[in-house]
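# Give me the fold of what follows.
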Amino acid sequence: MTALTALWLPILLSAIFVFIASSILHTVGWHSGDYPPVPDEEAFRAAVGPLGIPPGDYMVPRSMSMKEMRSPEFDAKLKQGPVLSLTVMKNEEMAMGSMLGLWFVYCLIISVFVAYITGRALAPGAPYLEVFRFAGASAFLAYAVALWQMSIWYKRKWSTTFRYTIDGLIYALLTAGTFGWLWPH
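A predicted model of the protein is given here:
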C-alpha cells in the first residue's frame, strides 16, 4: 500500500497533462460536430424563447408516472414528436475561465481517486507496468466509461460518445504514464 500523500506529484502532473491534452483536442476541432445547430435555428429560438424556460434539464414529452408512460396518450405524444432531452443554460456569455477552472478541479479529483485505487493496490517500488495498469484502468473508467450511459439512457449519438471515449483513453494513458513514471520507490 502506498500513502496518498506520497502521490501528490503524479496527482498534480497527471491533472495538468490531461488539462493540456483536452485543450489541444478541443482546439483542433475534434469535437466540432458533436452539437450541430437545430434546423432553422432562428425559428426554434423564436418559438422557444418566449416560453422563458428556466435553466435546467428537461425531457419532452415527460410522463409523471409509469402508468402515464404506458398510456395511449403518452404513446401518441412520442409518435407525434418532438422527443428530446434538453439542457437550458442561463442567458449569459460563456464563462470559459470558470468552466476551465472546474475542468481542472475535476481532473484533480479523478487523479486523487486514481492515486487512492492504485495506492491501495500497490506498494512503493511497484513495477512501472503494474502502476500503469491500475492507474490507466481507473482513469479510463472515470474519463470514458462513465459517459456511455448518456448514449444508453439519453440517446446521445454514439459517434459523440465514441469521440469522448477516445479522449478518455488518451487522458487515461497520460494519467497512467505519469503515475508509472513518478511512482515512489
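# Now do the spatially most central residue of the chain, the pLDDT please.
To find the centre residue of the chain, average its C-alpha atoms and take the closest one (CA atoms, centre = their mean): that gives residue 147, at 5.6 Å. The confidence metric pLDDT takes the value 95 at residue 147.
# In this structure it contacts residue 168, no?
Yes: with contact defined as CB atoms under 8 Å, residue 147 reaches residue 168; the gap is 7.1 Å. Any C-beta I mention is one placed from the backbone N, CA and C, and that applies to glycine too.
# which SSE is residue 8 in?
Assigned by DSSP states H and E, residue 8 falls within helix 8-27.
# Check which element follows that helix along the chain.
Next along the chain after helix 8-27, taking DSSP H and E as the criterion, comes helix 41-48.
# for the next helix or strand after that following helix, packing partners?
Helices and strands here follow DSSP H and E; after helix 41-48, the next one along the chain is strand 56-60. Secondary structure elements in contact with strand 56-60, counted by 3 or more CB pairs under 8 Å, 6 or more residues apart in numbering; DSSP states H and E, are strand 84-88.
# in whichever helix or strand comes after the strand it packs on, what counts as buried?
On the C-terminal side of strand 84-88, the nearest following helix or strand under DSSP H and E is helix 96-121. Counting neighbours by 16 or more other CB atoms under 10 Å, one finds that the buried residues in helix 96-121 are 103, 107, 108, 110, 111, 114, 115, 117, 118, 119, 121.
# In TSV, list those along with pLDDT and distance to residue 151.
TSV is the format used below for the buried residues of helix 96-121 (pLDDT from 0 to 100; distance: CB to CB, whole Å):
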residue	pLDDT	distance to residue 151
103	97	21
107	98	23
108	98	27
110	98	21
111	98	26
114	98	24
115	98	29
117	98	25
118	98	28
119	98	32
121	97	30
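# Closest to residue 16 out of the residues you listed?
Proximity of the buried residues of helix 96-121 to residue 16 was ranked by CB to CB; the top entry is residue 107 with 8.0 Å.
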